[in-house]
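In: No letters, just coordinates:
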């Protein structure tokens, strides 16, 4: 009987902010801080091990039918993050919002990726790098993009519609629509058109 109750509790659905969210057994493992800065549309799945927080200001919006899987971190750090509909953000990916991050619809981001819309300033050798501040520039990922495992998308980059980013790439500049890009730093490998 106790095992049956435990299984029932693990599958327990509760209603928070008019959204039905699956809870994984213990509420203290839920790492989404629900406040007026976080907005979820219908049918958004968030793994109980994901961390979604509005830190130091900024807003997060996640649109319908999107899944945020295990150990994903979505952190605003003063900027805004918008994730479109029908997206899949896979395990261990980190999305920062410093300079704003906009992810379109039907975007697939594999595990272990990082989106970082900020860079440390380091020009003045007489001042510690940690005291020189940040340069903020948005990351934009347009619709129907696949970013494979272990990629880093850097500040100021636009990943255009229909682009595929090869595993392990470091993307520090933008490319045309329907590109296949890869490498460190990423280069145009071919066009999908």
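Out: Happy to help now that I have it. Please read these numbers as outputs of a predicted model, since none were measured by experiment.
In: Can you list the low-confidence ranges for this structure?
Out: 1-34 (pLDDT under 70).
In: Which parts of it are helices?
Out: According to DSSP state H, the chain carries its helices in the segments 2-10.
In: how much space between the most centrally placed residue in it and residue 89?
Out: In the chain, the residue lying closest to the centroid (Cα atoms, centre = their mean) is residue 95, at 3.6 Å. Applying Cβ to Cβ, to the nearest Å, the value for residue 95 to residue 89 is 7 Å. (Glycine included, C-beta is placed from N, CA and C.)
In: Neighbours of the closest residue to residue 129 other than its chain neighbours, how many?
Out: Closest residue in space to residue 129, ignoring its immediate chain neighbours: residue 122 at 4.8 Å, by Cβ to Cβ, 6 or more residues apart in numbering. Counted with other Cβ atoms under 10 Å, residues neighbouring residue 122 total 12.
In: Check residue 71 too.
Out: 17.
In: and it, what does it touch?
Out: 47, 49-50, 91-92 (Cβ atoms under 8 Å, 6 or more residues apart in numbering).
In: likewise residue 192?
Out: So residue 192 contacts 162-164, 178-180 (Cβ under 8 Å, 6+ apart).
In: So how do I select the buried members of those in PyMOL?
Out: Buried subset of those, written as a PyMOL selection, criterion 16 or more other Cβ atoms under 10 Å:
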select buried, resi 162+163+164+179+180
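In: Just send the contacts of residue 192 back as JSON lines, with distance to residue 83 too.
Out: Converted to JSON lines, the contacts of residue 192 look like this (distance: Cβ to Cβ, whole Å):
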{"residue": "162", "distance to residue 83": "18"}
{"residue": "163", "distance to residue 83": "17"}
{"residue": "164", "distance to residue 83": "19"}
{"residue": "178", "distance to residue 83": "22"}
{"residue": "179", "distance to residue 83": "22"}
{"residue": "180", "distance to residue 83": "23"}
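In: Which two among the contacts of residue 192 are spaced furthest apart?
Out: 162 and 180 (9.8 Å; Cβ to Cβ).
In: quick one on the thing from earlier: how far away is the residue nearest to the centre of the chain from residue 70?
Out: 14 Å.
In: Please apply the same query to residue 153.
Out: 20 Å.
In: for residue 99, same thing?
Out: 26 Å.
In: neighbour-wise, which of the two wins?
Out: With neighbours defined as other Cβ under 10 Å, residue 99 and residue 70 compare such that residue 99 has more, 21 against 13.
In: what's the distance between that one and residue 66?
Out: Distance from residue 99 to residue 66, by Cβ to Cβ: 22 Å.
In: cool, and residue 184?
Out: In terms of Cβ to Cβ, residue 184 sits 29 Å off from residue 66.
In: And residue 126, by the same measure?
Out: From residue 126 across to residue 66, the span is 46 Å (Cβ to Cβ).
In: So which of the two has more stuff around it?
Out: residue 66 (23 against 4).
In: Quick check: closest non-adjacent residue to that one.
Out: residue 87 (4.4 Å).
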